[in-house]
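Asks: requesting a structural model of the entry that follows:
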Amino acid sequence: MDAVNEAMQAFKQVALKGKKDERLTERVDSLATALHLLDVSLSTDSQIFEKLIVAVREPFVPLYEKFPMQAFQLSVSIFSFLFHEKIITQLTAGNKALQSSWEDVAESLLSGVLDFLETCSDITILRTVASALYPVLCRICFSTAFCSSITMGSTLRYTAFTLLVDSANEPMNKEMLRDPEYLGSRRLGAALYGSKDYVVLENLLLLVLIIAPKFEFMDQRSTFMREVFVMNHPEDTVCGESLARILTRPAERDSDLLQAQAIDVLAKSNLIPQPFDVTQVDSCGLRFPQKPPQQRLIVDYKSLLANVIKDEGYESFRMPFDQICGISFSAVDKKSLTKVVVQTSSAPRIQSRPLKVPDGQSPSVTFEILESDVLRFKRALRSRGIVSISA
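Replies: Numbers count the residues shown, from 1 in each chain. The predicted structure follows:
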């Protein structure tokens, strides 16, 4: 907590210097007061966590705008404290509920930075983000404890890697992330191969594509891709070589298509969650078309996932395995397709928002997969403990 207090004092010296701004003073004092709640050790009071989740997100955004370097330094000191003193402490103690609560606070903190970048992402700001955040963020987010889906929640990991993706598209930042002192190809590849969460894997693949040397520098790009994919997985060099070859192919430069092709290769080697081609997912009276190249339903390590198109991007449709009551299969009129109906105990979610179940209906998810994929789909479900599968 000493580092957080020192960062807070350093921020105050800059923010409150000169002409008095009562609104700013009130905001800074309120933030300082809220941060004292970080010092609670074993509290299980949900109200404390709710206050912290709010305090470390929205109030920071205008401070990032006025005092970017000092505000980013304060936020990353808080993130480091949360990870080492709260999350890891509860992980070691085996207290999953408290660990999850502290992860929610850390995720909210990083989401605040993302909120700011949505409104202000010029070169100077992106470079400031890299200078202030990358040294700590890369050290933590690519550590063994953070990267593992067994020890760390997927939401925090997804948000952390999203922050790297959203801030990396600037030459100096790309160079920093290629530098092993901060991240480098080897650590990035190790995190990618170790990922069991599809949405996290997508972000890591996108980060690879963003920071890789340009196609105009093919020798450097080829070396980078081989370091990411081949040298990190010597037991399956065929997979690694295929990935490196696809991502250095000059004729194809669309990042979405390259990402989809890379996932296909990884799926064949059983290194990642299993994707299945679908054209639409139906649930709670709503239809969610799946557009290429992202027309996939994913059997993740703990849920079924699909994409929901929103504006120019995507949100995640998620159905956790522990809420699945039964799964049935039936032939459809269309050639070579099988209809899958998943009965669930509660409604699926889009991001964290549950869908509304129509009156008189039970929650379910329906989609069609290729007949040739049915056995692989059943095998993927059974390997994840889903046994309520009918023919």
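
Asks: from now on I want contacts and neighbour counts done on CA atoms only, so please keep to that.
Replies: Fine.

Asks: next, the contact list for residue 349, please.
Replies: 317-319, 355 (Cα atoms under 8 Å, 6 or more residues apart in numbering).

Asks: ranking the residues you listed by neighbours, who comes first?
Replies: In terms of neighbours by other Cα atoms under 10 Å, the contacts of residue 349 top out with residue 319 at 25 neighbours.

Asks: so that one touches residue 350, yeah?
Replies: No - at 9.1 Å, residue 319 does not count as touching residue 350 under the criterion of Cα atoms under 8 Å.

Asks: skip ahead from the longest helix that the chain contains and say which helix or strand is next.
Replies: For the chain, the helix with the greatest residue count under DSSP state H is helix 96-119. Sequence order places helix 123-141 as the next helix or strand after helix 96-119, per DSSP states H and E.

Asks: what's the domain layout of this structure?
Replies: 1-120, 274-382 (automatic domain parsing).

Asks: give the residue spans of the chain that score low on pLDDT.
Replies: Where the chain drops to pLDDT under 70, the residues are 18-19, 40-44, 233-236, 251-252, 267-272, 293-294, 311-313, 334, 391.

Asks: residue contacts, the closest residue to residue 147 other than its chain neighbours?
Replies: Leaving aside its chain neighbours, residue 147 sits nearest to residue 191 (6.1 Å; criterion: Cα to Cα, 6 or more residues apart in numbering). Residue 191 sits next to 142, 147, 204 when contact means Cα under 8 Å, 6+ apart.

Asks: let's see it at 10 Å
Replies: Counting by Cα atoms under 10 Å, 6 or more residues apart in numbering, residue 191 makes contact with 141-144, 146-148, 200-201, 204, 228, 232.

Asks: cool, and residue 83?
Replies: Counting by Cα under 10 Å, 6+ apart, residue 83 touches 77, 89-90, 99, 102-103, 106, 140-141, 146.

Asks: put together a markdown table for those residues, with distance to residue 361 and neighbour count on each row.
Replies: Formatted as a markdown table, the contacts of residue 83 follow (distance: Cα to Cα, whole Å; neighbours: other Cα atoms under 10 Å):
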| residue | distance to residue 361 | neighbour count |
| --- | --- | --- |
| 77 | 49 | 23 |
| 89 | 44 | 16 |
| 90 | 40 | 21 |
| 99 | 36 | 23 |
| 102 | 37 | 23 |
| 103 | 35 | 25 |
| 106 | 38 | 28 |
| 140 | 45 | 18 |
| 141 | 42 | 20 |
| 146 | 40 | 21 |
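
Asks: let me see the ranges of the helices in the stretch 201-350 of the chain.
Replies: 218-229, 237-246, 255-268 (DSSP state H, counting those that start in this stretch).

Asks: now do the shortest one: which elements does it pack against?
Replies: It refers to helix 237-246. Helix 237-246 is packed against helix 218-229, helix 255-268, with contacts defined by 3 or more Cα pairs under 10 Å, 6 or more residues apart in numbering; DSSP states H and E.

Asks: the nearest residue to residue 208 once chain neighbours are set aside: neighbour count?
Replies: Nearest residue to residue 208, sequence neighbours excluded (Cα to Cα, 6+ apart): residue 188, at 7.7 Å. Look at residue 188: counted by other Cα under 10 Å, it has 24 neighbours.

Asks: which SS class is the residue nearest in space to the middle of the chain?
Replies: The centre of the chain sits closest to residue 158, judged by Cα atoms, centre = their mean, with a distance of 1.3 Å. The three-state assignment at residue 158 reads helix, by DSSP: H, G, I helix; E, B strand; the rest coil.

Asks: which residues does it contact?
Replies: Listed by Cα under 10 Å, 6+ apart, the contact partners of residue 158 are 107, 197-204.

Asks: returning to what we had before: next, the angle from whichever strand or helix holds the residue nearest to residue 208 to helix 123-141.
Replies: Assigned by DSSP H and E, residue 188 belongs to helix 184-194. Angle between the axes of helix 184-194 and helix 123-141 is 60 degrees (criterion: axes from the mean of the first three to the mean of the last three Cα atoms, to 10 degrees).

Asks: ok so, going back, tabulate the contacts of residue 191 in CSV, adding columns for distance to residue 57.
Replies: Shown next, in CSV, are these (distance: Cα to Cα, whole Å):
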residue, distance to residue 57
141, 19
142, 23
143, 24
144, 26
146, 21
147, 23
148, 25
200, 22
201, 25
204, 24
228, 33
232, 36
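
Asks: now that we have those, which one has the most neighbours?
Replies: Ranked by the number of neighbours (other Cα under 10 Å), the contacts of residue 191 place residue 228 first, at 26 neighbours.

Asks: can you pull the contacts of that residue?
Replies: Residue 228 sits next to 184-193, 208, 212, 222, 240, 243-244 when contact means Cα under 10 Å, 6+ apart.

Asks: re earlier: nearest to residue 168, out of the domains of the chain?
Replies: Of all the domains of the chain, it is domain 1-120 that lies closest to residue 168, at 11.6 Å by Cα to Cα.

Asks: start and end of that closest one, how far apart?
Replies: 30 Å (Cα to Cα, to the nearest Å).

Asks: what of stretch 328-337?
Replies: Start-to-end span of stretch 328-337 (Cα to Cα) is 14 Å.

Asks: what's it in contact with?
Replies: 278, 338-343, 366-374, 388-391.

Asks: let's see the ChimeraX selection covering just the buried ones among the residues you listed.
Replies: This is how ChimeraX selects the buried members of the contacts of stretch 328-337, with burial counted by 16 or more other Cα atoms under 10 Å:
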select :278,338,339,340,341,342,343,366,367,368,369,371,373,374
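
Asks: restricted to strands, list the contacts of stretch 328-337.
Replies: 338-343, 366-370 (DSSP state E).

Asks: among those residues, which pair sits farthest apart?
Replies: Of all pairs drawn from those, the widest gap by Cα to Cα lies between 343 and 370 and measures 19.9 Å.
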